[in-house]
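Enquirer: Quick one, fold the following:
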Amino acid sequence: MLQFITSSFPVWGVLISYLLVYLSQLIIYYDVSAFRIPWKYCFLFGLLYLALAFQPFGWLPSFASFLFFAYFSWASSRCFSELAFFSLYPVVSFDIILKLFSVFILPTFVGPFHIGNYAFYELFAILLATPMNYWYLILVQFDSQTISRLEFKKRYSYMRLSYFTALAVIFVLYAIYSINLTIFDPKAKEGISKILFLVLFFAKTGYLSYLGQKVQNIFKKELQGEYQEHRRTLNDYNSLLESIYKDINRQQIQHAQEFKRISKQIKKKQAEPVKDYMDAYQAKHSLRLKPSDNQRKLDNIHLSSLRKLLSAKLLEAQNQGIQFSIEIPDIIDTYPIKDLLFISMLTELLENALYFSADSEKKSISLALFTEENSYVFIIENTTKENQVDLTNIFEEGYSTTDDKEGMGLKRVRDILNQNPSLSLNTLSRKQIFRQRLECSTEGKQTHE
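Expert: As a prediction, the model looks like this:
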């Protein structure tokens with residue numbers, strides 16, 4: 001394999017070179033597979049590999065490495081082509097990098113410096129093998145473990161064809177080419193040898209790149225499916241929440257009407273103590289029992305998910321005795337960013353407002369959603385127990401102003417803001433009012449439901 005190093009370097013130089021080759025192949029094996037080899041076996045095989053450095057057959061060390069990797073890949077491989085791939089990849093990839101640099105690249109660019117000893121080219125190529133393989137896999141976007149997981153979601157026969165089959169065929173052809181080259185054309189000077197090498201090299205690169213793109217497309221489809229499912233689930237959740245609070249509100253209105261009838265009867269009979277109690281109860285709960293015009297104001301929202309979210313939170317606030325006012329003067333029929341992100345962000349802001357207004361003295365929330373030039377503006381104000389909230393760390397995970405250390409839920413808002421530069425959020429807190437103004441640029445970024 002290292003014919004120039006073997007013939008030019010002293011014994012210690014040859015041993016160091018073969019040790020570097022073995023370590024490079026081992027690292028490449030770990031890079032491309034999830035299989036791990038016990039260190040004691042790595043050490044013992046390393047000794048054997050160094051012993052093979054001085055035998056007359058140049059292909060034997062590579063063949064020994066192939067058998068070594070095949071032995072430890074056998075138990076975990078789920079088809080023959082996968083076994084062949086993981087067994088051949090470290091040996092073939094190292095050999096390709098070795099020949100690519102020692103035969104093509106280094107002689108071309110280092111030749112003018114009058115370094116004519118091919119042994120130095122081989123040594124430089126060995127040192128470059130590991131980092132070049134790492135960046136090579138990143139460049140072609142190939143992840144064998146991801147492909148393996150996609151391949152084997154179901155059970156198939158061990159001899160079936162898979163994504164690894166074509167790679168295994170390419171590697172076997174390259175192994176045959178390399179053995180032939182070692183025996184019959186050691187200096188790789190013949191044009192046909194170089195042509196065959198380049199054909200196999202580009203075949204490997206092209207197919208690895210194809211698989212990398214295929215995996216990315218599969219993941220995009222799966223991610224889009226999960227996105228749609230999450231969106232549907234969130235929409236169903238808001239619909240369910242809205243229906244629950246509507247039912248609660250309906251029951252409360254019925255009870256209010258019953259109380260009114262009872263109150264009228266009590267007034268006629270002059271039962272003053274009971275009358276006073278009923279009047280006080282009605283005054284206390286009139287806010288949540290009185291049908292609100294806020295639901296009608298939601299008519300300007302033509303996005304079902306957003307409408308259901310605001311409706312559910314409005315009913316939830318009424319059920320908690322929180323005064324909730326809404327102003328939506330403009331028609332809202334598009335999302336400024338992806339709908340799921342926008343809904344998630346508003347959910348966090350509304351949940352935060354409900355949580356802290358419920359603990360405050362005045363229990364009030366004000367919400368406004370309108371358009372302003374090329375932006376959506378979302379303003380939400382809520383009362384707080386504290387006179388002024390410290391805004392220094394409110395977007396940190398787990399930050400809280402309460403004794404139970406329950407977070408304000410604003411970290412998710414910050415993450416969405418960081419992902420979308422078209423969004424800006426201004427936060428203000430004073431005189432027991434917590435106010436957030438969210439501006440969303442709509443230029444070329446609107447999405448419909």
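
Enquirer: What is the burial count for Asp330?
Expert: 13 (other CB atoms under 10 Å). For every residue, glycine as well, the C-beta is placed using N, CA and C.

Enquirer: For Leu369, see how far away it is.
Expert: 8 Å (CB to CB, to the nearest Å).

Enquirer: Same check on Asp339?
Expert: 15 Å.

Enquirer: quick one, which of the two is more surrounded?
Expert: Ranked by neighbour count (other CB under 10 Å), Asp339 and Leu369 place Leu369 first, with 23 against 20.

Enquirer: And stretch 330-350, end to end?
Expert: The straight-line separation of the ends of stretch 330-350 (CA to CA, to the nearest Å) is 20 Å.

Enquirer: Next one: the residue nearest the centre of the chain from Cys42, what distance?
Expert: Geometric centre of the chain, nearest residue: Leu223, 9.2 Å, by CA atoms, centre = their mean. Applying CB to CB, the value for Leu223 to Cys42 is 38 Å.

Enquirer: try Trp135
Expert: For Trp135 relative to Cys42 (CB to CB), the value is 24 Å.

Enquirer: Same question for Ala84.
Expert: Distance, Ala84 to Cys42, by CB to CB: 21 Å.

Enquirer: More neighbours: which of these two?
Expert: Ala84 (21 against 15).

Enquirer: and the nearest residue to that one once chain neighbours are set aside, how many neighbours?
Expert: Once flanking residues are discounted, Ala84 sits nearest to Ala168: 3.8 Å by CB to CB, 6 or more residues apart in numbering. Applying other CB under 10 Å, we find 21 residues neighbouring Ala168.

Enquirer: For the residue nearest to the centre of the chain, list the residues it contacts.
Expert: Going by CB atoms under 8 Å, 6 or more residues apart in numbering, Leu223 touches no other residue.

Enquirer: So for the strand or helix carrying it, mean pLDDT?
Expert: Assigning secondary structure by DSSP states H and E places Leu223 in helix 191-268. Averaged across helix 191-268, pLDDT comes to 72.

Enquirer: what's the answer for stretch 135-145, then?
Expert: pLDDT averaged over stretch 135-145 gives 78.

Enquirer: Quick check: the gap between the residue nearest to the centre of the chain and Glu229.
Expert: 11 Å.

Enquirer: Need the residues touching each of these two.
Expert: Counting by CB under 8 Å, 6+ apart, nothing touches both Leu223 and Glu229.

Enquirer: mind listing the strands in the protein by residue range?
Expert: 323-327, 364-372, 375-383, 423-430, 433-441 (DSSP state E).

Enquirer: Could you dump these into JSON lines with distance to Leu139 added?
Expert: Listed next are the strands of the chain as JSON lines, based on distance: least, CB to CB, whole Å:
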{"stretch": "strand 323-327", "distance to Leu139": "53"}
{"stretch": "strand 364-372", "distance to Leu139": "45"}
{"stretch": "strand 375-383", "distance to Leu139": "41"}
{"stretch": "strand 423-430", "distance to Leu139": "34"}
{"stretch": "strand 433-441", "distance to Leu139": "35"}
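
Enquirer: Could you save those strands as CSV and add columns showing mean pLDDT and distance to Phe9?
Expert: Converted to CSV, the strands of the chain look like this (pLDDT from 0 to 100; distance: least, CB to CB, whole Å):
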stretch, mean pLDDT, distance to Phe9
strand 323-327, 87, 82
strand 364-372, 88, 75
strand 375-383, 89, 70
strand 423-430, 88, 62
strand 433-441, 88, 65
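
Enquirer: For Phe57, which of the ones you listed is the nearest?
Expert: Comparing the strands of the chain against Phe57 with CB to CB, the closest turns out to be strand 423-430 (66.2 Å).
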